[in-house]
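Participant: A predicted structure for the sequence below; I have some questions about it.
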Amino acid sequence: MEDILEDKYYQVLPIRNNVVFPGVMMPIAVSKASSLSLVKEAQAGGWPILVLTQLDNSVIEPGPEDLYHIGTFAKVLQVIPVPQMGKNTCMTILEGLHRIEADDFDENEDGEMIAHARILKEKMPLKSDKHFYATLDAIRETVLRILSNQEDTPVDLQMSLRNMSTSPSLLNYTCSIYHMPTETKQELLCIDSLADRVTEMLRILEKDAEEQSIKEDIRRRTHEAMDKQQREYFLQQELETIKKDLGDTGAQTIKELRERAEQKLWPEATAETFKKELQRLEHMPTHSPDYSTQLNYLEVLLDLPWGIYSEDNYDMKHAQDVLNRDHYGLDKVKERVVEYLAVQRQLGLRSQKEKENHPVKSPILCLYGPPGVGKTSLGKSIADALGRKYVRVSLGGLHDEAEIRGHRRTYIGALPGRIIDNIKKSGTSNPVFVLDEVDKIGADYKGDPTSALLEVLDPEQNSTFHDNYLDVDYDLSRVLFIATANSLDSIPRPLLDRMELIEMTGYLQEEKEEIAKRHLIPKELANHGLKASQLKFKKEILAHIIDDYTRESGVRSLERQIATICRKVDTKIALGEEYNVSVTLDDLRSYLGQARFTRDSWETNKYVGVVTGLAWTQVGGEILFIETSLSAAKTPTLTLTGNLGDVMKESATLALGYVKAHAKDFGINPELFETTSVHIHVPEGAIPKDGPSAGITMTTALVSAFTGRLVKPRIAMTGEMTLRGKVLPIGGVKEKLLAAKRAGITDIILCEDNRKDVLEIADVYLKGLNMHYVHDISEVINLALI
């Protein structure tokens with residue numbers, strides 16, 4: 001064969017979309033007239049031809065430059081007409097003999113392409129090359145795996161692959177029958193070494209197998225998803241049909257929600273959020289747990305009073321009448337509410353004139369003071385005076401920040417915070433909102449509620465209050481927040497800074513008498529079914545109840561004592577027993593028992609070193625006695641008794657030091673301090689006492705004891721003293737003066753700077769009291785001692 005190929009021209013058969021490999025029989029469809037003539041002559045003459053693959057399949061009449069020059073020396077075994085493929089189409093069976101390289105192309109007398117060729121010998125592997133034959137087996141397995149996943153693979157093709165022996169012919173057969181690009185097949189034919197060709201073929205097969213696996217996985221998952229969606233769709237259609245037959249459909253709910261939303265006066269951002277969330281609800285199955293959660297959220301949005309405000313009553317006279325009707329005293333608080341009304345009224349008039357809206361941000365009030373003085377009930381009265389809705393939330397013991405800001409909608413039990421929830425219940429966006437017991441809020445791992453209140457109670461921030469449940473901003477700027485507290489010590493400083501503090505001190509005895517007469521007695525008579533003609537309380541009886549049976553800042557205990565008397569009278573009426581319509585002192589002891597408390601009163605001035613002081617407590621003012629005694633001692637000491645606090649002890653030490661330093665000014669022998677111990681005592685040792693206001697009282701007592709001068713009768717004093725002897729102002733003046741008056745005191749010594757505090761007290765409370773204002777302790781001594 002090599003001799004024949006050396007000097008002879010062979011006819012060239014160009015083919016498309018395929019490559020013939022040595023040792024493989026391959027059918028080729030031939031339809032072109034010149035190619036049909038060539039294969040028929042070759043079959044008839046029994047001579048071989050050169051089979052070369054076209055570079056470009058679109059070329060109709062290819063020349064040498066349009067062909068790969070490496071091809072196959074092949075024999076035409078059979079030419080079979082195939083009319084169904086075309087009138088002049090024949091199926092030609094070729095058998096590849098050798099790989100060749102064609103050159104010296106020419107044409108014969110019939111115009112057919114001819115060429116010389118030389119055989120390209122293939123490097124055969126050794127029979128002992130286990131790696132080569134193992135790779136052949138891998139190729140067979142990979143091809144079978146790929147073909148098994150293809151639906152249109154002929155069974156006989158797979159059978160022939162399984163039955164072929166593991167030999168080099170298996171490689172060329174696989175390269176020939178496996179579907180891959182013509183360029184790839186040509187590259188395989190050009191490889192001289194079978195070992196390299198088998199490696200390249202395995203690489204191509206493994207790559208195709210991996211791609212086929214990925215595609216199959218994608219196809220499987222897509223099919224599963226489509227099956228699931230189709231199943232859910234059909235089930236949903238069936239469910240909707242059943243619900244329609246039962247008269248229950250989610251479409252009606254969606255329609256109602258959308259109609260309600262169209263009537264809302266909410267911001268554009270809120271409207272957009274509602275629209276988006278409503279679309280989510282439309283696509284949810286009604287039986288899904290998320291459906292009820294989403295529906296609840298949308299209903300909360302719709303239930304809130306967006307843009308709805310109750311109209312304020314700007315009648316100033318009405319507001320004052322309501323506040324005075326419900327509460328006695330509390331002038332500062334009432335004055336602040338009236339001021340707020342006046343500002344709102346003025347802005348309303350300006351808006352009408354200019355046809356523009358001039359809203360005023362509501363103040364944040366904090367009423368602080370002892371229990372029972374009417375802080376919470378005052379909020380209800382303010383709401384009545386303004387004509388607004390009233391809301392109250394008790395914050396005592398609150399630890400969870402979500403109670404203020406709301407819970408995030410990440411679980412079924414999520415709810416809005418107390419602020420938004422109570423705004424919803426009130427039905428308006430400007431109620432009077434009482435935050436009760438704001439000083440008793442706690443903090444733990446769930447957060448700090450007081451930090452959440454910073455946004456609620458800041459007039460500059462609460463116009464865009466963000467509740468975690470709503471996840472949209474809500475305007476709280478027109479809500480009148482009123483916080484209540486018993487003490488400011490436990491309230492964080494940033495929160496205090498956002499509130500307008502109004503102190504509500506304990507009621508004076510005179511005020512309690514008025515409250516009892518105006519409010520408590522009528523209330524309890526009504527609660528016990530009694531008429532005003534069946535039970536009466538004289539002023540002195542009320543004073544005895546307050547003094548002897550109560551000891552409080554507010555009037556809760558007083559109300560309970562009056563209720564007790566009403567019950568006793570009810571019992572007597574029911575049993576038909578006689579009783580005094582006007583309660584007497586004997587009746588008090590019969591109804592309430594023996595007096596539980598006693599108040600100090602001025603006793604006498606026959607003892608030196610005893611001075612009457614004035615003190616403030618949460619339940620009102622009290623008088624207290626500073627008692628001083630001197631005793632001989634080799635080592636002088638200062639003894640303080642009476643359960644005194646640190647500040648009061650320092651005042652005693654300062655007083656003794658001042659008297660020593662100015663002994664000659666007071667007519668005291670300085671040597672006396674070297675042989676005398678001093679004992680200062682404040683009676684009622686079970687009661688803790690502290691504060692700086694006993695400074696001048698202790699100094700006066702020491703001077704009285706060392707000089708032997710008596711204190712003038714019915715005189716009391718209060719004031720702090722410096723080491724230079726200057727008298728400083730103190731607080732609680734009103735309570736102290738009334739305590740002195742009740743105790744029978746007629747003369748009061750105060751710091752000059754306290755004169756302004758006395759001027760604020762009504763004259764009726766000062767009647768019978770002589771005020772003495774001082775700057776220096778020397779003035780106190782001259783006024784107090786005989």
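Facilitator: All right, it came through fine.
Participant: so who does the residue in the chain sticking out farthest from the centre touch?
Facilitator: Of all residues in the chain, E109 has its C-alpha farthest from the mean position, at 96.6 Å, by Cα atoms, centre = their mean. For E109, no residue meets the contact criterion (Cβ atoms under 8 Å, 6 or more residues apart in numbering). For every residue, glycine as well, the C-beta is placed using N, CA and C.
Participant: Can you tell me the SS state at it?
Facilitator: Here E109 is recorded as coil under DSSP: H, G, I helix; E, B strand; the rest coil.
Participant: what are the ranges of the strands in the stretch 651-786 of the chain?
Facilitator: 676-681, 715-717, 720-721, 727-728, 747-751, 770-774 (DSSP state E, counting those that start in this stretch).
Participant: Distance of the nearest residue to A516 once chain neighbours are set aside relative to G86?
Facilitator: The spatial neighbour of A516 that comes closest, neighbours along the chain excluded (Cβ to Cβ, 6 or more residues apart in numbering), is L542 at 5.3 Å. Going from L542 to G86 by Cβ to Cβ, to the nearest Å gives 127 Å.
Participant: Would you mind telling me which of those two has more residues around it?
Facilitator: L542 (23 against 11; other Cβ atoms under 10 Å).
Participant: for the chain, what's the longest helix?
Facilitator: helix 194-246 (DSSP state H).
Participant: helices or strands up against that one?
Facilitator: Judged by 3 or more Cβ pairs under 8 Å, 6 or more residues apart in numbering; DSSP states H and E, helix 194-246 is in contact with helix 130-148, helix 168-177, helix 182-190.
Participant: try 6 Å this time
Facilitator: helix 130-148 (3 or more Cβ pairs under 6 Å, 6 or more residues apart in numbering; DSSP states H and E).
Participant: Torsion angles phi and psi at L50?
Facilitator: Main-chain dihedrals, L50, degrees, to the nearest 10: phi -100, psi 120.
Participant: same check, this time on the one 4 residues further on
Facilitator: Q54 adopts backbone torsions of phi -70, psi 140, taken as degrees, to the nearest 10.
Participant: If it is in a bridge, with which residues?
Facilitator: L67 (DSSP bridges).
Participant: follow-up on the earlier one: next one, pLDDT for the residue nearest to A516 please.
Facilitator: We have a pLDDT of 92 for L542.
Participant: what's the neighbour count on K572?
Facilitator: That count, for K572 with other Cβ under 10 Å as the rule, works out to 14.
Participant: Pretty sure it sits against V581.
Facilitator: No: the criterion here is Cβ atoms under 6 Å, and K572 misses it with V581 at 10.9 Å.
Participant: Going along the chain, name the helices of the stretch 1-150 of the chain.
Facilitator: In the stretch 1-150 of the chain, the segments counted as helices under DSSP state H, counting those that start in this stretch are 2-7, 33-45, 130-148.
Participant: any chance of these in a markdown table, plus mean neighbour count?
Facilitator: Formatted as a markdown table, the helices of the stretch 1-150 of the chain follow (neighbours: other Cβ atoms under 10 Å):
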| stretch | mean neighbour count |
| --- | --- |
| helix 2-7 | 10 |
| helix 33-45 | 16 |
| helix 130-148 | 16 |
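Participant: what about these, which gets the closest to A269?
Facilitator: Taking Cβ to Cβ, helix 130-148 is the member of these nearest to A269, at 57.8 Å.
Participant: tell me the angle of that closest one relative to helix 194-246?
Facilitator: Here helix 130-148 points in a direction 30 degrees away from that of helix 194-246 (axes from the mean of the first three to the mean of the last three Cα atoms, to 10 degrees).
Participant: For helix 130-148, which outside residues touch it?
Facilitator: Residues outside helix 130-148 that contact it (Cβ atoms under 6 Å, 6 or more residues apart in numbering): 125, 153, 158, 161, 166, 170, 174, 195, 198, 201-202, 205, 209.
Participant: want to try CSV for these, with neighbour count as columns?
Facilitator: Shown next, in CSV, are these (neighbours: other Cβ under 10 Å):
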residue, neighbour count
P125, 18
T153, 14
Q158, 14
L161, 19
T166, 15
L170, 20
T174, 23
A195, 17
V198, 26
M201, 26
L202, 18
L205, 21
A209, 16
